[in-house]
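Have a look at this prediction, sequence included:
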Amino acid sequence: MKILTLVERRADYSRMRPILKELYSDPFFEVYLVVTGVCLLDVHGSDIDYIKEDGFKIDAQLEMFEPNTRNTNTSMVKALSKIMGSMTDELEKVKPDLVLTGFDIGANLATTIAAAHMNIPVAHIQGGEVTGSIDESIRHAMSKFAHIHFPATQDARERLIRLGENPDYIFNVGCPSIDTIVQTPLIDKQILQKKFNIDFSKPTILLIQHPVTTQSDESKKQILNTIEVIKELGIGALVALPNNDAGSSEIIDEIKNSGLSWYPSLSTEEFVNVYRNIWAIVGNSSSGIHESSTFGIPAVNIGTRQQDRERANNVIDVSYAKDDIKAGIEKALYDAEFRESVKNIKNPYGCGDSAKKIVDILKTISLDGIVQKRFYE
């Protein structure tokens, strides 16, 4: 089976990485890997270098975003238009048996739409989840264009059924980023502390705060509130720069001027091992929802970006107001009873065997007639 798949952000690479390992190790599959999006941008850390270091063969690099431009709602649409054209050319050239896409981001949406129009079966990872912003619309649109579904929870599977997708092609496999956590080797804490100039024995957080596309004009105010709280509390903080959705330019400007320790990106090994040593994650990244409970630490979820997404009880939801953010972080760091209660909490997104489940299903599923879709009742 010839599979075309793609990576466009560090977040989706953490999910695709264990799947790529399984696919490349199985002679049944021929993999064609496209790298695009933020992974090609220096300002966001050029994550393509990490993909190369992991030993994956990159078959195509497709530029999506114009360099050195402010990230706006308009620039997001133009990037979507650009990558849809180049991915269509790539699909025409490669003629894959199946396209494997995922999640709720632009290039994956463009590829899903193009493949469906070209009668190429599409398998979509992590549909059926609920959030806010444009991600919500992208995710459900991808599900309607896709033919095979790999949701991460039973709740998401049932939502896909309510959306009219055929239950016979919906497989609850968990979140593959948990596989990455389980598979990543330990890095000695002392090495990390020296590299990042941080003392993990003291209250320390990882901050990842992305823009909310439906509130892009509020991005500067939102990140400033978070930064001010961190400074007032006097806690240790490592900051990963946000994605490049509309409003991210303002967030990046304020982070760079904050005096906090910030990084364009982290390798998978660094990210997972930092996660293993921090006291809490703060912001609005899906990582706080999908992954933090596996580490047994609190997650302070700010604002609406992950609104109503299924989560474990380690997640503390707060508004954008400084008082709320401060109260949430203080609970995450200093409430001993709460911290103890989340140490061994169960992650609703799985236990680290998602990639094998996905690949085993792809290896056995019939693609005959699958592109002829209809609303299933």
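Thanks, I have the structure now. Numbers count the residues shown, from 1 in each chain.

packing partners for the helix ranked longest in the chain?
Ranked by residue count, the top helix of the chain under DSSP state H comes out as helix 73-94. Counting contacts by 3 or more Cβ pairs under 8 Å, 6 or more residues apart in numbering; DSSP states H and E, helix 73-94 packs against strand 2-7, strand 30-36, strand 60-62, helix 106-117. C-beta: built from backbone N, CA, C; applies to glycine.

can you rerun that using 6 Å?
If you count contacts as 3 or more Cβ pairs under 6 Å, 6 or more residues apart in numbering; DSSP states H and E, helix 73-94 packs onto helix 106-117.

quick one: average pLDDT of the helix it packs on?
Helix 106-117 shows a mean pLDDT of 98.

just stretch 128-138 next, same as before
Mean predicted confidence for stretch 128-138 is 95.

Likewise for stretch 345-358?
Computed over stretch 345-358, the average pLDDT equals 97.

What of stretch 308-326?
On average, stretch 308-326 scores 98.

Would you mind measuring the gap between the ends of it?
Its first and final residues considered, stretch 308-326 spans 22 Å by Cα to Cα, to the nearest Å.

So, low pLDDT: which residues of the chain?
Applying pLDDT under 70 to the chain flags no residue at all.

That one - how does it break down into domains?
Domain segmentation of the chain under automatic domain parsing yields 2-176+352-364, 187-341.

Could you dump these into TSV and include mean neighbour count and distance to residue 373?
Formatted as TSV, those follow (neighbours: other Cβ atoms under 10 Å; distance: least, Cβ to Cβ, whole Å):
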stretch	mean neighbour count	distance to residue 373
domain 2-176+352-364	20	7
domain 187-341	19	26
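
which one of these lies closest to residue 376?
Residue 376 lies closest to domain 2-176+352-364 among the domains of the chain, at 4.5 Å (Cβ to Cβ).

Might you calculate how far that closest one sits from the centre of the chain?
Centroid separation for domain 2-176+352-364 versus its chain: 11 Å, with Cα atoms, centre = their mean, to the nearest Å.

Next: stretch 279-290.
11 Å.

Other residues contacting it?
With Cβ atoms under 6 Å, 6 or more residues apart in numbering as the test, stretch 279-290 has contacts from 175, 177, 203-210, 292, 297-303, 305-306, 309, 311, 332-333, 349.

Looking at those residues, which are in strands?
204-208, 299-302 (DSSP state E).

which one of the domains of the chain lies closest to residue 370?
In terms of Cβ to Cβ, the element of the domains of the chain nearest to residue 370 is domain 2-176+352-364, at 4.7 Å.

Endpoints of that closest one, how far apart?
End to end - Cα to Cα - domain 2-176+352-364 spans 14 Å.

Next: stretch 26-35.
Span of stretch 26-35 from end to end, Cα to Cα: 21 Å.

Next one: residue 320 from residue 223, what distance?
As judged by Cβ to Cβ, to the nearest Å, residue 320 and residue 223 stand 10 Å apart.

so residue 143 sits right up against residue 127, yeah?
Yes: using Cβ atoms under 6 Å, residue 143 is in contact with residue 127, at 3.9 Å.

which neighbours do those two share?
residue 160.

Which strands and helices lie in contact with the helix or strand that the longest helix of the chain is followed by?
Going down the chain from helix 73-94, the next helix or strand is strand 98-102, by DSSP states H and E. Secondary-structure packing of strand 98-102 (3+ Cβ pairs under 6 Å, 6+ apart): strand 2-7, helix 106-117, strand 122-125.
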